[in-house]
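**Student:** Any chance you can model this:
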Amino acid sequence: MISFVKPTNLDGAVLIEELEANGIEVQANLVNVKCPIIDGSGVLWLDIKDTDESAAQAVLDNHQG
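**Tutor:** Now for the predicted structure:
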């Protein structure tokens, strides 16, 4: 799991689509759903490979929600 700053406008389903369209595989959770996690502090967590961190940040930077 890698942490990111949550975009102001976040649409989790769209974000997952954008990540995967850019070749970033998001791991499914225990109930087989691919989704971002927002913790109690408002930090966005994605279950992706460490090597995809910079590519995921680029997707987040362009995410419109």
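**Student:** Let me know the pLDDT of the most centrally placed residue in the chain.
**Tutor:** Closest to where the C-alpha atoms of the chain average out (CA atoms, centre = their mean) is L46, at 4.4 Å. Listed pLDDT for L46 reads 96.
**Student:** Over to N29?
**Tutor:** We have a pLDDT of 89 for N29.
**Student:** backbone phi and psi for it, please?
**Tutor:** In terms of degrees, to the nearest 10, the main-chain angles of N29 are phi -80, psi -170.
**Student:** what sits against it?
**Tutor:** Neighbour list for N29: C35, D47 [criterion: CB atoms under 8 Å, 6 or more residues apart in numbering]. For every residue, glycine as well, the C-beta is placed using N, CA and C.
**Student:** Report the separation between the residue nearest to the centre of the chain and P36.
**Tutor:** Look at L46 and P36: by CB to CB, to the nearest Å, they are 6 Å apart.
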